[in-house]
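> Return atomic coordinates for the entry below.
(one chain, ligands or ions: 1)
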Amino acid sequence: MMLKQQSVDDHVARFKDEAAAIIEMGFTATKMKVGLGARDDIRLCEAVAEGSGEADFMVDANHCYATPDAFYVGRALEELGAYWFEEPVAPEDLDGYRELRAGLRVNISGGEAEFNRWGWRQILENRGLDIAQPEVCAVGGVSEYLRVLALCHAHFTPVINHVWGSAIAVATNLQLLAAMPALPGGLNPWEPLLEFDTTDNKFRDDLLTEPLNIQGQVKAQSGYVTIPDAPGIGVTPNPDFIAHYELSL
Ligand SMILES: [Mg+2]
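Next up is the predicted model:
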């Protein structure tokens, strides 16, 4: 039995409008998720590219494709001028990453699903990434993240941290980005980019005694965010919020 699904036609205008709204908020780029099937995904990517205008847009597949479909979508992303194509294939498919990076003009990114320096060594030696995206909350905390960052830079692979989750994760990443060495260097070094999820998330918006208010800062400072300068990672969790979600086991 076939379940009746909403047509992708119903989403095209909404995706375009959402991308335009994010740029209007002051963000310097948009990122979208795909995974409805290659043909439908390309139509939605076209909508987001249009809505993003002159700003960068990125596409995250969360490894939903096998290599042939990743090439099919990746070639469309080349034409659309996407900045990066994230996790096009399974993290374990190192051959696929290498083939895609060699065969596509769009930047191939990934790494959020790798959990320690030894896995990262394999990824980097495989030469399958243009942009490395370590996730500090998954890779073993700040100490292991710093080892992975050094390893990425030792392989001349730029790093844009994967950031998703609670306000603690965002605050930690702000500190890491503030301390990240420039790679590549040059007269106008590449400025660190903060990835910021704009979907509803109480653990991001309500966890701290003083919210980070990233969206407000981005709007007020034309795409920039201020690094908190209080001790530690610069933020204080709200004990009442934590108590509300506490489980007694
Ligand atoms: Mg991702």
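> what's the nearest residue to the residue of the chain found nearest the ion if we skip its chain neighbours?
Nearest residue of the chain to the ion, counting by C-beta to the ion: Asp60, 4.3 Å away. Placement of C-beta: from N, CA and C, glycine included. Nearest residue to Asp60, sequence neighbours excluded (C-beta to C-beta, 6 or more residues apart in numbering): Glu86, at 4.1 Å.
> Repeat that for Asp41.
Spatially, and ignoring its direct neighbours in sequence, Asp41 is nearest to Val34 (3.9 Å; C-beta to C-beta, 6+ apart).
> Could you verify my assumption that that neighbour touches Ala47?
No. Judged on C-beta atoms under 8 Å, Val34 makes no contact with Ala47 at a distance of 11.6 Å.
> Neighbours of Ala82, how many?
25 (other C-beta atoms under 10 Å).
> quick one: it is in a strand?
No. Judged by DSSP: H, G, I helix; E, B strand; the rest coil, Ala82 forms no part of a strand; its state is coil.
> That one touches Ala61, doesn't it?
No. Counting by C-beta under 8 Å, Ala82 stays clear of Ala61, with 11.4 Å between them.
> Name the residues of the chain found near the ion, please.
Proximity of the chain to the ion is confined to 60, 86 under the rule C-beta under 5 Å from the ion.
> switch to 8 Å and redo it
Selection of the chain residues close to the ion by C-beta under 8 Å from the ion yields 33, 60, 62, 86-87, 110, 112, 133, 162, 164.
> So which of those belong to strands?
33, 60, 86, 110 (DSSP state E).
> Can you tell me which of those are buried?
Neighbour counting by 16 or more other C-beta atoms under 10 Å classes 60, 86, 110 among those as buried.
> so the second one makes contact with Gly110?
So the one you mean is Glu86. Yes. Here Glu86 reaches Gly110: they are 6.0 Å apart, a contact under C-beta under 8 Å.
> overlap in contacts of the two?
Taking C-beta atoms under 8 Å, 6 or more residues apart in numbering as the contact rule, the neighbours common to Glu86 and Gly110 are Gln133.
> Beta-bridge partners for Ile108, please?
Judged by DSSP bridges, the bridge partners of Ile108 are Phe85.
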